[in-house]
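> sequence unknown, structure follows:
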């Protein structure tokens, strides 16, 4: 059943929606690992890391909504079901239990970095297929790179 018809040619729509779905999974996964770390972080930088994790979660959720709505706009239903996320999510995640502040920073730096690398591939893939989707992915990438930088700066030489 097609509810919404896209103005994109079929192949361009396929490429764009595949990039959007993969990004949706990464963003929803980032929000989950961010919350997991947020609930379990301990250490001398608890408060700053705790608050920064909430910023990542908020950004990931906001971007996930925008990405899902873009897929729907193109006529493909976005899939953010828990079983979909669990089946295909592959970014680094925190270990179970309490998480030292330095470990939380490290896992978020790695997860955000991996997400950015994957987004850059999707940006390339959507360049000709759909510049509107590409622009959206560029915006998400810029925000996640900023979040990654902020975590990385926490563990830079001269820091705690």
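Structure's in. What do you need? Since the structure is predicted, the reported quantities are computational estimates derived from the model, not experimental observations. Residues are numbered from 1 along each chain as shown.
> Quick check: phi and psi at residue 100.
phi -60, psi 150 (degrees, to the nearest 10).
> right, I mislabeled it, should have said residue 42
According to degrees, to the nearest 10, residue 42 has phi -140, psi 160.
> what about the lengthiest helix in the chain, distance to the chain center?
Ranked by residue count and defined by DSSP state H, the top helix of the chain is helix 10-40. Put simply, helix 10-40 sits 5 Å off its chain's centre (CA atoms, centre = their mean, to the nearest Å).
> If you count neighbours, what's buried in it?
Buried residues in helix 10-40, counting neighbours by 16 or more other CB atoms under 10 Å, are found at 12-13, 15-38, 40. Any C-beta I mention is one placed from the backbone N, CA and C, and that applies to glycine too.
> Now stretch 76-94: buried residues?
76, 78, 80, 85, 91, 93, 94.
> any chance of those in TSV, plus secondary structure, distance to residue 143 and pLDDT?
Formatted as TSV, those follow (DSSP: H, G, I helix; E, B strand; the rest coil; distance: CB to CB, whole Å; pLDDT from 0 to 100):
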residue	secondary structure	distance to residue 143	pLDDT
76	coil	23	93
78	coil	19	97
80	coil	19	97
85	helix	20	94
91	coil	16	90
93	coil	20	89
94	coil	21	89
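> From what I see, residue 66 and residue 136 are in contact.
Yes - using CB atoms under 8 Å, residue 66 is in contact with residue 136, at 6.7 Å.
> For those two, indicate the residue with more neighbours.
The residue with more neighbours, out of residue 66 and residue 136, is residue 136; 22 against 16, by other CB atoms under 10 Å.
> Touching, the more buried one and residue 68? I think so.
No - applying CB under 8 Å as the test, residue 136 and residue 68 come out as separate, 11.1 Å apart.
> center of this protein - which residue?
residue 27 (2.9 Å; CA atoms, centre = their mean).
> For the residue nearest to residue 130 when sequence neighbours are not counted, give me its contacts.
Distances taken as CB to CB, 6 or more residues apart in numbering put residue 16 closest to residue 130, at 4.1 Å, once the chain neighbours are dropped. Going by CB atoms under 8 Å, 6 or more residues apart in numbering, residue 16 touches 8, 74, 126, 129, 130, 133.
> doesn't residue 75 make contact with residue 13?
Yes - Residue 13 is within contact range of residue 75, at 6.8 Å (criterion: CB under 8 Å).
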